[in-house]
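[1] Predicted model and sequence below, questions to follow.
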Amino acid sequence: MLRFALLGFLLRQPMTGYDLAIAIRSSIHFVWPAQLSQIYRTLSQLEDNGLVMSEVEPQQSRPDRRVYTVTDAGRAAFGSWIGELVTELDPVRVPFMVRFFFAGSRPLEDTVTQLRVMRELHVKDHDRLAVELPEQIAAATALTDGNELDSLIWDSVRRAGEMMAQTWVDWIDETIERLQHAARTDHD
């Protein structure tokens with residue numbers, strides 16, 4: 001999946017690996033995170049496969065930049081991938097939920113503390129998606145030659161992330177209330 005995300009970003013404009021990391025962090029990170037090392041490794045594979053090419057741009061008083069662009073083969077591969085219908089759901093891996101599944105053996109206070117920590121993380125994520133990302137989308141739209149639907153689609157993806165974060169917060173609040181209610185019932 002990362003290879004196609006990188007091709008998609010590079011189709012909008014040539015970028016360095018570092019530029020791609022920033023683009024991912026400010027857009028699809030909540031659904032497909034990537035470390036800088038993964039990005040460079042994938043760019044190398046894309047270049048080996050003839051899907052991208054790179055040029056070194058010398059810079060004064062800074063290290064040279066390696067800028068990647070999509071080849072015709074890369075454009076064709078991306079076009080085939082984006083045109084495929086998604087006909088099944090991908091499994092979602094949430095390590096926290098596996099751990100939480102077995103939390104019944106832990107003291108209730110510890111479980112509620114963990115839930116509150118997770119809630120705070122999701123609140124921060126929600127706020128970032130609701131406040132910071134719209135500004136980043138507007139800035140990215142201004143810099144690219146994307147079609148007029150790009151910003152709407154990008155914002156729809158951002159909104160999905162915002163809604164997912166809110167759903168987590170709501171679920172955690174409900175779960176804490178249910179656990180505390182069960183504890184009160186057990187002590188009555």
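    Structure received. The structure displayed is predicted, hence computed values, not measured ones. Numbers count the residues shown, from 1 in each chain.

[2] In the protein, which residue is most central in space?
    His29 (1.8 Å; Cα atoms, centre = their mean).

[3] which phi and psi does it have?
    The phi/psi pair for His29 (degrees, to the nearest 10) reads phi -50, psi -40.

[4] now it: how far from Val94?
    16 Å (Cβ to Cβ, to the nearest Å). For the C-beta atoms, the positions are set from N, CA and C on the backbone; glycine is no exception.

[5] now Glu162, nearest residue through space, not along the chain?
    Leu129 (4.2 Å; Cβ to Cβ, 6 or more residues apart in numbering).

[6] Tell me where this protein is predicted with low confidence.
    Applying pLDDT under 70 to the chain flags the ranges 140-147, 187-188.

[7] Okay, strands next: where are they in it?
    Using DSSP state E, the strands found in the chain span residues 52-57, 65-70.

[8] Go through the chain and flag its longest helix.
    Ordering each helix of the chain by length in residues (DSSP state H) puts helix 150-187 first.

[9] Counting by contacts, list what that one packs against.
    Where contact means 3 or more Cβ pairs under 8 Å, 6 or more residues apart in numbering; DSSP states H and E, helix 150-187 is packed against helix 108-127, helix 133-143.

[10] now those in CSV, with mean neighbour count and distance to Ala34?
    CSV is the format used below for the helices and strands packed on helix 150-187 (neighbours: other Cβ atoms under 10 Å; distance: least, Cβ to Cβ, whole Å):
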stretch, mean neighbour count, distance to Ala34
helix 108-127, 15, 17
helix 133-143, 15, 17
